[in-house]
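Build me a model:
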Amino acid sequence: MKAGYITIVGKPNVGKSTLLNRLLGTKISAVTSKPQTTRNRIIGILTEGEFQACFIDTPGIIRPEYELQEFMVKQIKSAVMDADVLILMIDPWFKDDNIYAEFAKLAGKAPRILVINKIDLVTKQELLPLIDKLKTTNVTKIVPISALNGQGVDDLKKVILENLPEGEFFYPTEDISDTPERFFAAEFIREKIFELFKKEVPYASCVVIDEFKEREKGKDYIRAIIYVERNSQKAILIGKQGTALKTVGEKARRELETFLGRPVYLELWVKVKKKWRKNKRFLKELGY
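Below you'll find the model as predicted:
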């Protein structure tokens, strides 16, 4: 039997969450076209036959500018130090600025797999020079993939399996994550905010699940509070006669019902918490 933790790191918007969802065959990580959608480390568990791969999705590697981003970087470092296998994820337009090397050092002697994502967007002639250049780097294997359409992902799974340490499973075989359902409820609501709004509103928002009731009869009840930093952002998020917030709720509810496999009644409220991203005490209350 083989089991281990595989940490996925890379810059914002390189496709880490898309890869995690593809590997698991189900969606547990929020995915949008905007960078820095992921704020927390998320564990996805893949159990097949005699191996169990525990993937850790991490926020995008950045130079932190405020308290929330400081927390996100700490999450990455912690996940890298926990790794039995490290996946360094880049795209075909990768330019080395040493930031990957800084984090890779934290993995110690863990095998490093360099994954080139988004190969569906370039030709083979464009890709080969990059692979040749990267062969000189200190990695165990280079694997080109498209997380979006699945190209090369089976090859990546084989490489991961080869490098997993021997050991007993960490989780029951039916588990796909160790994270509570209320966390995913908050993530899917936040995902819809990232999808539907532009500029500062997604980055100035966070979601707190105030109440989560599972019911034997009828729909599960979820009450969520969306915090933003300014009244103007609150007005945009609610929209004229509440239409924007209603759209967020409808889309998030459908996502949640698919994920949970049961009907949901979702209630959303919007509140203002000034400069919450720089407020250490409030971030601690949020679990950051």
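
Sketch out the low-pLDDT regions of the stretch 51-200 of the chain for me.
In the predicted model of the stretch 51-200 of the chain, residues 97 satisfy pLDDT under 70.

so is Lys271 in a helix, a strand, or just coil?
strand (DSSP: H, G, I helix; E, B strand; the rest coil).

ok, it touching Ile225?
Yes - Lys271 lies in contact with Ile225 (Cβ atoms under 8 Å); the separation is 5.7 Å. Heads up, the C-betas are built off the backbone N, CA and C, glycines and all.

Between those two, which is the more surrounded one?
Ile225 (18 against 10; other Cβ atoms under 10 Å).

What strands line up against the host helix or strand of the more buried one, and which way round?
Using DSSP states H and E, Ile225 maps to strand 220-228. Strand pairing for strand 220-228, determined by DSSP bridges: strand 206-213 (antiparallel), strand 264-272 (parallel).

List the buried residues in the very next helix or strand once past that strand.
Later in the chain than strand 220-228, the nearest helix or strand by DSSP H and E is helix 231-238. Across helix 231-238, burial judged by 16 or more other Cβ atoms under 10 Å covers 233-234, 236-238.

Which one of these is nearest to Gly150?
Leu237 (34.8 Å; Cβ to Cβ).

Identify the residues contacting the closest one.
193, 197, 201, 205, 226, 228, 244-245, 248, 270 (Cβ atoms under 8 Å, 6 or more residues apart in numbering).

is it possible to export those residues to JSON lines including neighbour count?
JSON lines is the format used below for these (neighbours: other Cβ atoms under 10 Å):
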{"residue": "Ile193", "neighbour count": "26"}
{"residue": "Phe197", "neighbour count": "20"}
{"residue": "Val201", "neighbour count": "21"}
{"residue": "Ser205", "neighbour count": "22"}
{"residue": "Ile226", "neighbour count": "23"}
{"residue": "Val228", "neighbour count": "26"}
{"residue": "Ala244", "neighbour count": "19"}
{"residue": "Leu245", "neighbour count": "20"}
{"residue": "Val248", "neighbour count": "25"}
{"residue": "Val270", "neighbour count": "20"}
